[in-house]
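Asks: any chance you can model this:
(one chain, ligands or ions: 1)
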Amino acid sequence: MCGIVGVLGNHEVAPLLVEALKRLEYRGYDSAGIATVNNGRLDRRRAVGKLVNLSDLLVHDPLAGKSGIGHTRWATHGAATTVNAHPHRSGHVAVVHNGIIENFRELRAAVEAAGLTPESETDTETVALTVRMLMDQGASPVEAARETLKRLHGAFALCFLFNGEDDLMVAARKGSPLAIGHGDGEMFVGSDAIALAPMTDRITYLEEGDWAVITRRGAMIYDEAGRLANRAETRIQIDATRIEKAGYKHFMAKEVAEQPVVIADALKHYVKGGALNLPEGLDFSTVDRLSMVACGTASYATAVAKYWFEQLAHLPCDVDIASEFRYREPPLSTKGWAMFVSQSGETADTLAALRHAKEQVAKVVAVVNVPTSSIARESDLALPILAGVEVGVASTKAFTCQLTVLFLMALKAGLDRGRLTPAQVADHLSALNTLPGLMNHAMGLSAEIAGIAEKLAEAQDILFLGRGPMFPLAMEGALKLKEISYIHAEGYASGELKHGPIALIDNRVPVIVLAPRDALFEKTVSNMQEVMARHGKVLLISDAQGVAEAGKGCWKTVTLPAVAPILAPILYSVPAQLLAYHTAIAKGTDVDQPRNLAKSVTVE
Ligand code: F6R
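Replies: Sure thing, here's the model as predicted:
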């Protein structure tokens, strides 16, 4: 996690650094800081908490200079205090870091032995101290940085700035992404291209182990062995308007509302003339097993997709949380595919799982929102979900776009494996085409859901129930609610309730039942009755027929339009997201930047 930025510019750099950090704040917001070199003099400002605190500090205590680095922090080593905030400085060097230096204790012992004393509890400061120690021994800034990099174990993206050097930065990447931006007589460094978007669209991505010596004239990039490396410069298209709130109070509200449009965009991209138009190479006919791996919300998308791949394509499917997959050492089939689903494409656990699986399967497929991300670049085939930039920490439109793309892939698998005819696929695609309109309709229930959320905000515990593919959605609904409202919530398979969790039920526990009128409806209703018999407060979310048949006796009901049952997880995501959103509003929590979280989780 953490976001880093560096600028060798032609104008005052502090405002540019703060603007770039604003775009990186999704990576963490425990503290922020910048350092600049002004007439050769290195100086820094740091503030605890959101970026706005650093901006305020800079108003009262400005920092001049045309060269600078900046950082927004998600705390790993050491609490969110000013002294632990980046940039870390020692002697003539300042450094910003994203990742974890695993051997920092060893490094710390070495610098202490050399008579240097750390001020902070961070792993990062040992990097600055090591560079300083080497410079004190006579190394040049570049030599000291290079030698330090050789000594580091762990994951890092780093950017160094040096006292006395107005035209020099050293940047390095190992395990954490880093982009170099090219300007006109200016150079930039950023954790991602989005951070650099207002300054340049000309980007070079560093590869694993790369390090670069950057001046205003350009970047010399070296590989891990120290050989000059030729890394391509690409032009990145980032629609800056999509990074604004566009009149919405929160990014989350905007991103929930965007779903009909982005899903329609994804369908336009992947369906042509009423038939599937998925990338070449996506041929499931010889695949004997699909292993899907992801984290958090993306893992719930894979859990829904498992039902689809099994039902539509009869394809054996495993789903795994990335952090478990890797160390569980699952036997993989050489004829199988491994699929990695990630909004950011940078999640450290998912990336590590991908690298673990790579040599063991026939193909590695990525489903990502950021097509230039590490996960996309390291896969054999990457399908973008086309959700547009997602800023709110709680994933919403990326989830439903992931589901849409995974559903299309399941249809393709059904076709390739002879389980679906083209006519059946066309029927599913027609149903899919109705989704944007149905989601718009669901969005119209926002005010009604806000009224229910006022009551939910008083609860201490909330359960979500669902059956079949609605079970993972129940878990996603619970995750959304807990991460932004801080109310404890759990998602269960309806049929599992009586095997333990029903002990929690009393008249203070709202139970949210996600139950479209599908083949499993009667069974779900029976489980709902078991809750009501124990005075549980049931909120039934169903269609008109479902509410008419089973709504009696419920605490509340929400009526959605009828939808093809197989697509219900996509439509029912909307009320689940709106419930979480409005409950958070009722509780007054920070919707877009909930405590302790970050959007891109680049540490394991
Ligand atoms: C929850 C949420 C997280 C992410 C998870 C994976 O709302 O956003 O659970 O889904 O951290 O992130 P990506 O999809 O970027 O790999």
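
Asks: count of neighbours near Gly185?
Replies: Residues near Gly185, counting by other Cβ atoms under 10 Å, number 10. C-betas here are computed from N, CA, C, even on glycine.

Asks: ok now do it, which residues does it touch?
Replies: If you count contacts by Cβ atoms under 8 Å, 6 or more residues apart in numbering, Gly185 has them with Asn10, Arg216, Arg217.

Asks: which of those residues are buried?
Replies: Among these, those buried by neighbour count (16 or more other Cβ atoms under 10 Å) are Arg216.

Asks: the nearest residue to Leu276 once chain neighbours are set aside and the ligand, how far apart?
Replies: Using Cβ to Cβ, 6 or more residues apart in numbering and skipping the chain neighbours, the partner closest in space to Leu276 is Lys412 (5.4 Å). For Lys412, the distance to the ligand equals 22 Å [Cβ to the nearest ligand atom, to the nearest Å].

Asks: for Val13, same thing?
Replies: Val13 is 30 Å from the ligand, by Cβ to the nearest ligand atom.

Asks: isn't that residue right up against Pro62?
Replies: No. The pair Val13 / Pro62 is not scored as a contact, 11.6 Å apart, by Cβ atoms under 8 Å.

Asks: so for these two, which residue has more residues nearby?
Replies: Using other Cβ under 10 Å as the criterion, Val13 and Pro62 rank with Val13 on top: 27 against 12.

Asks: local confidence estimate at the more buried one?
Replies: On pLDDT, Val13 comes in at 97.

Asks: how about it, nearest residue that isn't a chain neighbour?
Replies: Per Cβ to Cβ, 6+ apart, closest to Val13 is Gly68, 4.1 Å.

Asks: contact partners for that neighbour?
Replies: Gly6, Val7, Gly9, Val13, Ala14, Leu16, Leu17, Ile34, Ala35, Thr36, Val37, Leu161.

Asks: beta partners for it?
Replies: Applying DSSP bridges to Gly68 gives these bridge partners: Val7, Thr36.

Asks: any idea how far it is from Val95?
Replies: According to Cβ to Cβ, to the nearest Å, Gly68 stands 13 Å off from Val95.

Asks: got any residues that touch both of the two?
Replies: Common neighbours of Gly68 and Val95 (Cβ under 8 Å, 6+ apart) are Leu161.

Asks: tell me where this protein is predicted with low confidence.
Replies: Residues of the chain that meet the criterion pLDDT under 70 lie in 1, 238-243, 603.

Asks: and it, which residues reach the ligand?
Replies: Counting by Cβ under 6 Å from any ligand atom, the residues of the chain close to the ligand are 295-298, 342-344, 347, 350, 394-395, 479, 483, 601.

Asks: what's the neighbour count on the residue in the stretch 151-300 of the chain that the ligand sits nearest to?
Replies: When scored by Cβ to the nearest ligand atom, the stretch 151-300 of the chain has Gly296 as its residue closest to the ligand, at 1.9 Å. Gly296 has 22 neighbours, counted by other Cβ under 10 Å.

Asks: next one: it from Thr347, what distance?
Replies: In this view, Gly296 and Thr347 are 8 Å apart by Cβ to Cβ.

Asks: isn't Pro565 right up against Ala519?
Replies: Yes. Pro565 lies in contact with Ala519 (Cβ under 8 Å); the separation is 7.0 Å.

Asks: the more surrounded of the two?
Replies: In this view Pro565 and Ala519 are compared by other Cβ under 10 Å, and Pro565 has more residues nearby, 18 against 10.

Asks: what's the closest non-adjacent residue to that one?
Replies: Leaving aside its sequence neighbours, Pro565 sits nearest to Asp518 (Cβ to Cβ, 6+ apart; 3.6 Å).

Asks: from Leu42, how far out is Leu497?
Replies: Leu497 is 60 Å from Leu42, by Cβ to Cβ.

Asks: ok, Ala225 next?
Replies: Where Leu42 is concerned, Ala225 sits at a distance of 30 Å (Cβ to Cβ).

Asks: cool, and Val547?
Replies: Applying Cβ to Cβ to Val547 and Leu42 gives a distance of 65 Å.

Asks: what residues are up against Thr589?
Replies: Ile484, Ser485, Tyr486, Arg595.

Asks: tell me, how many residues neighbour the residue in the stretch 351-500 of the chain positioned nearest to the ligand?
Replies: Proximity of the stretch 351-500 of the chain to the ligand (Cβ to the nearest ligand atom) peaks at Ser395, 3.3 Å away. By other Cβ under 10 Å, 28 other residues sit near Ser395.

Asks: hmm, it is touching Ser342, no?
Replies: No. Between Ser395 and Ser342 there is no contact under Cβ under 8 Å: 10.2 Å.

Asks: now do the strands in the stretch 1-150 of the chain.
Replies: 3-8, 31-38, 41-48, 67-73, 88-90, 93-101 (DSSP state E, counting those that start in this stretch).

Asks: helices or strands up against the longest one?
Replies: Other helices and strands packing on strand 93-101, by 3 or more Cβ pairs under 8 Å, 6 or more residues apart in numbering; DSSP states H and E, are strand 3-8, strand 31-38, strand 41-48, strand 67-73, strand 88-90, helix 124-136, helix 141-151, strand 154-162.

Asks: please repeat the previous calculation with a cut-off of 7 Å.
Replies: Using 3 or more Cβ pairs under 7 Å, 6 or more residues apart in numbering; DSSP states H and E, the elements in contact with strand 93-101 are strand 3-8, strand 67-73, helix 124-136, strand 154-162.
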